[in-house]
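**Q** My questions are about this predicted structure, shown below with the sequence.
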Amino acid sequence: MTKIARPTRPLADVNVLPHSDGSHEIVACFMPDPELIFGEGDTRAYLALDGSLSLKKMYGFGGLFGGDPNYVQGVARKLGSMLAAIALSGKASAIYWAVSPDGGKIEEIGEYNEQEWTTSAIAGPQVQKWGRGTKLLPAIQYGFEKVAKGASGTIGVIITDGIIQDEQECVNYCLNIGKTLAGQEPEPFKLVLVGIGEEVDEGQLERLDDMFEGTGIDYDLWSSGMVASMQNEADILAVVFGELALDVVAPTGRVESPSGQVLADWSDGMPGKFRFILPKGETQFVVRAASRDIVQDISEVLVNS
């Protein structure tokens with residue numbers, strides 16, 4: 001599938017797959033709605049990128065002289081732009097974590113608005129050394145103690161490609177978060193952990209997901225998902241969008257062609273992620289919901305399809 005570079009908001013991700021008959025399959029999803037996730041108030045967001053040595057190649061430093069594509073930068077720009085769009089301030093901060101020799105420190109990258117994220121330089125740690133360990137706790141502490149302080153709701157997206165070495169310390173700290181925040185509706189602090197590649201311990205991600213089971217603490221802090229490679233940008237975005245987007249974003253809705261042909265129709269709830277077939281010759285589609293119409297042009301990818 002080919003991705004639309006800048007979807008019409010509030011669409012977050014639009015992918016186009018050409019069919020042999022000239023039609024196109026469209027797979028799209030909406031931006032997470034912070035008011036629906038957290039309610040009204042000061043919503044914030046941050047992105048934590050693994051800065052360990054094992055990911056250095058994915059930052060464009062592969063081979064003796066480098067020159068490989070910087071896959072992390074591409075993913076970070078998309079995620080950062082999305083997170084900035086759902087924060088009340090219009091900005092999202094970012095850090096490298098798992099930096100320094102033991103992988104136990106963080107390095108702040110900056111705070112950018114949606115447009116600034118599209119051109120941000122994400123080239124790996126500049127002050128700290130690439131980490132040889134993968135310690136997650138400092139990234140959680142940064143989010144909870146700095147970003148979320150005073151906020152009504154905070155979303156953190158954390159990218160990793162390794163086994164988390166301080167799992168028990170993270171569990172202990174997160175149990176305290178749960179005890180502090182339990183009973184608040186909606187839940188004001190959410191984390192999405194995206195595991196990249198074969199070195200990630202999937203069982204570890206599941207344990208974090210389920211860490212509050214049997215504790216008597218009613219809180220859902222973690223969501224997680226696995227992706228085969230940092231090169232699979234669409235899959236990474238799908239994990240994040242899938243965890244943050246609500247199943248239903250509007251009571252009713254439909255998708256039409258510019259000529260008015262109904263391509264998809266939902267009378268019992270419009271989903272956060274949807275797909276349909278755009279007929280041959282059409283270069284746009286229109287999403288019609290109760291509150292507004294969204295026109296999305298796909299001609300930028302039809303040239304190459």
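**A** Here it is on my side, so go on.
**Q** Could you use CA atoms for every contact and neighbour count after this?
**A** OK.
**Q** got the contact list for residue 54?
**A** 132, 161, 162 (CA atoms under 8 Å, 6 or more residues apart in numbering).
**Q** Look at the residue nearest to the last one when sequence neighbours are not counted and tell me its secondary structure.
**A** Spatial nearest neighbour of residue 162, chain neighbours left out: residue 200 (4.8 Å); criterion: CA to CA, 6 or more residues apart in numbering. With DSSP: H, G, I helix; E, B strand; the rest coil as the basis, the three-state label of residue 200 is coil.
**Q** Over to the one 4 residues further on?
**A** The three-state label given to residue 204 by three-state DSSP is helix.
**Q** Could you report the neighbour count for it?
**A** Applying the criterion other CA atoms under 10 Å, we find 13 residues in the vicinity of residue 204.
**Q** before we move on, what about residue 126?
**A** Close neighbours of residue 126, defined as other CA under 10 Å, add up to 12.
**Q** now swap in residue 20 and tell me
**A** Each residue near residue 20 was counted by other CA under 10 Å, and the total is 7.
**Q** so where do the helices sit in the chain?
**A** 34-38, 71-86, 114-117, 137-141, 167-181, 202-209, 233-244, 299-302 (DSSP state H).
**Q** quick one: the closest residue to residue 262 other than its chain neighbours and residue 10, what's the gap?
**A** Distance criterion CA to CA, 6+ apart; nearest residue to residue 262, sequence neighbours excluded, is residue 256 at 4.4 Å. Here residue 256 is placed at a distance of 17 Å from residue 10 (CA to CA, to the nearest Å).
**Q** which one of the two has more residues nearby?
**A** A direct count of neighbours by other CA under 10 Å for residue 256 and residue 10 places residue 256 higher, at 19 against 14.
**Q** Mind listing the residues bridging to that one?
**A** Each beta-bridge partner of residue 256 is listed here, defined by DSSP bridges: residue 262, residue 286.
**Q** residues near residue 131, how many?
**A** Under the neighbour criterion other CA under 10 Å, residue 131 is assigned a count of 25.
**Q** For the residue lying closest to residue 231 once chain neighbours are set aside, the count of nearby residues, please.
**A** Nearest in space to residue 231, with sequence neighbours left out and distances taken as CA to CA, 6+ apart, is residue 71 at 5.8 Å. Counted by other CA under 10 Å, the residues lying close to residue 71 total 19.
**Q** you'd agree residue 71 is up against residue 230?
**A** Yes: using CA atoms under 8 Å as the test, residue 71 is close enough to residue 230 to be in contact (6.2 Å).
**Q** so what sits against both of those two?
**A** Common contact partners of residue 71 and residue 230 (CA under 8 Å, 6+ apart): residue 58.
**Q** Pick out the residue nearest the middle of this structure.
**A** When CA atoms, centre = their mean is applied to the chain, the residue found nearest the centroid is residue 240 (3.5 Å).
**Q** which one of the contacts of residue 54 has the most neighbours?
**A** That'd be residue 161 among the contacts of residue 54, by other CA under 10 Å, with 25 neighbours.
**Q** quick check: domain ranges of the chain?
**A** Domains of the chain are assigned by automatic domain parsing as 2-31+249-302, 34-233.
**Q** right, so those domains: which one is the most enclosed?
**A** Comparing the domains of the chain by mean neighbour count (mean count of other CA atoms under 10 Å), domain 34-233 ranks first with a mean of 19.
**Q** just the strands in the stretch 1-150 of the chain please.
**A** Assigned by DSSP state E, counting those that start in this stretch, the stretch 1-150 of the chain shows strands spanning 2-3, 11-18, 24-30, 43-50, 91-99, 105-113.
**Q** Can I get those strands in a markdown table including distance to residue 124?
**A** Below are the strands of the stretch 1-150 of the chain laid out as a markdown table (distance: least, CA to CA, whole Å):
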| stretch | distance to residue 124 |
| --- | --- |
| strand 2-3 | 25 |
| strand 11-18 | 25 |
| strand 24-30 | 29 |
| strand 43-50 | 9 |
| strand 91-99 | 7 |
| strand 105-113 | 9 |
